[in-house]
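Q: Sequence and predicted model, in that order:
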Amino acid sequence: MPNIINEIKLDFKDVLLRPKRSTLRSRNDVNLFRNITFRNSKQTYQGIPVMASNMDTVGTFQMAKALSKHGLFTAIHKYYSVEEWKNFAGENPDCLHNIAASAGMAESDYHRLYDILKAVPDITFICLDVANGYSQHFVEYVRKVRAAFPSHTIIAGNVVTGEMVEELILSGADKNTRTIHIS
């Protein structure tokens, strides 16, 4: 008698990333680098749009050095001092286009972010990371940061709904900021 398996099976419609038809002959021909122009900052980013998260054990200067060599991005955690930022920037200027300075919404986070961006003017990305990215308070905070740093690209998270993403974009967060966190 045959063995009948009643478990759910996955097929092509269940695959999250589906390749498009292509004229490429080999995976070696694939170019993951993308040029992204952000709505609010008007900056153009060239790299592979995969980001290491700003968790304190992941978003480190060491991670940024390793990933930046391959065109990948790192949101640096918010626990480095201004002096550590200055040292890192001085020793690794080639990494600065692939990193973001992170902050929460506390007033002390804002002041620390401000001090970092003034001390290291070549940093052009800001990661605003809060647990409740769907709150009106966060929208107001994004507006405050946008007003202070009009030419920086703002990455906003954790945002739960499409409606809130739209609100944050209109408030100054940058569209096309899609992240895959490496943890």
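A: On my side now, so go ahead.

Q: okay, CA-based contacts and neighbour counts for the rest of this
A: OK.

Q: Okay, helices next: where are they in the protein?
A: 61-68, 82-91, 107-119, 136-148, 162-171 (DSSP state H).

Q: For the nearest residue to residue 165 once chain neighbours are set aside, give its distance to residue 51.
A: Closest residue in space to residue 165, ignoring its immediate chain neighbours: residue 159 at 6.5 Å, by CA to CA, 6 or more residues apart in numbering. Residue 159 sits 16 Å away from residue 51, going by CA to CA, to the nearest Å.

Q: which of those two has more neighbours?
A: Counted by other CA atoms under 10 Å, residue 159 and residue 51 do not tie: residue 51 has more neighbours, with 22 against 18.

Q: and the gap between the residue lying closest to the more buried one once chain neighbours are set aside and residue 9?
A: Spatial nearest neighbour of residue 51, excluding adjacent residues (CA to CA, 6+ apart): residue 73 at 4.6 Å. Look at residue 73 and residue 9: by CA to CA, they are 35 Å apart.

Q: How about residue 134?
A: 35 Å.

Q: who has more neighbours, these two?
A: More crowded of residue 134 and residue 9, by other CA under 10 Å: residue 134, with 20 against 7.

Q: residue contacts, the more buried one?
A: Listed by CA atoms under 8 Å, 6 or more residues apart in numbering, the contact set of residue 134 reads 158, 159, 160, 161, 164.

Q: do the same with residue 133
A: Going by CA under 8 Å, 6+ apart, residue 133 touches 139, 156, 157, 158, 159, 160.

Q: change it to 6 Å
A: Going by CA atoms under 6 Å, 6 or more residues apart in numbering, residue 133 touches 157, 158, 159.

Q: Ok, residue 59 next?
A: Neighbour list for residue 59: 53, 74, 75, 76, 77 [criterion: CA under 6 Å, 6+ apart].

Q: what do you get for residue 48?
A: Going by CA under 6 Å, 6+ apart, residue 48 touches 32, 33, 71, 72.

Q: Farthest pair within these?
A: Farthest-apart pair in these is 32 and 72; separation 10.1 Å (CA to CA).

Q: more neighbours, the two?
A: Counted by other CA under 10 Å, residue 32 and residue 72 do not tie: residue 72 has more neighbours, with 23 against 10.

Q: Quick check: closest non-adjacent residue to that one.
A: For residue 72, ignoring the flanking residues on the chain, the nearest one in space by CA to CA, 6+ apart is residue 48 at 5.2 Å.

Q: do you know how far the one you found is from residue 130?
A: On the measure of CA to CA, residue 48 and residue 130 end up 24 Å apart.
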